[in-house]
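> generate coordinates for the sequence data below:
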Amino acid sequence: MKLSPLPILILITSLLPSSSWSEGNKYIDAYNSMGETGFEMIDFIFKICVILLVDMADFIGISYELLNIIIFIFAQPILIVLFFILWRIEKRKNRFWEDDQDYS
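Numbers count the residues shown, from 1 in each chain. Sure thing, here's the model as predicted:
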């Protein structure tokens with residue numbers, strides 16, 4: 001018997017202090033925006049993240065879709081490039097430090 005996490009999500013969102021729940025069905029729309037992957041845990045975690053994004057967007061005063069674009073189109077690639085650059089800098093520092101240790 002496969003149980004849907006929808007009742008759990010509705011219970012959790014009803015406990016959250018958010019004005020977006022009373023404004024309409026933003027959570028239900030976000031819940032229904034995703035196809036089932038076949039893995040209940042992945043679907044459940046995704047839907048919890050969507051609920052958090054809906055609340056965060058409501059808190060900031062923008063739409064869920066715009067917040068999604070800001071995070072996954074702009075912020076995530078910038079962070080990936082930034083961490084890659086920082087990793088390369090540290091790797092270069094460590095290489096010089098290891099070379100310096102070999103001559104001691």
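> for the residue lying closest to E36 once chain neighbours are set aside, report the pLDDT, please.
Leaving out its chain neighbours, the residue that sits closest to E36 by Cβ to Cβ, 6 or more residues apart in numbering is D43, at 6.1 Å. From N, CA and C alone the C-beta is placed, and that goes for glycine too. D43 carries a pLDDT value of 82.
> so which strand or helix has D43?
For D43, the element it lies in under DSSP states H and E is helix 40-60.
> in the next helix or strand after that helix, which residues are buried?
Later in the chain than helix 40-60, the nearest helix or strand by DSSP H and E is helix 64-69. Neighbour counts over helix 64-69 (16 or more other Cβ atoms under 10 Å) mark 64, 67 as buried.
> need the next SSE after helix 64-69, C-terminal direction.
Reading on from helix 64-69 to the C-terminus, the next helix or strand found by DSSP H and E is helix 76-102.
> for that next one, buried residues please.
Within helix 76-102, no residue is scored as buried using 16+ other Cβ under 10 Å.
> again with stretch 44-51
46-47, 50-51.
> make TSV from those and add pLDDT to it.
Compiled in TSV, these are given as follows (pLDDT from 0 to 100):
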residue	pLDDT
F46	84
K47	82
V50	85
I51	86
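> return the closest of the residues you listed with respect to W87.
The closest of these to W87 turns out to be F46 (Cβ to Cβ; 28.4 Å).
> what's the spacing between that closest one and S63?
For F46, the distance to S63 (Cβ to Cβ, to the nearest Å) stands at 19 Å.
> since that was my last question, I'll sign off now.
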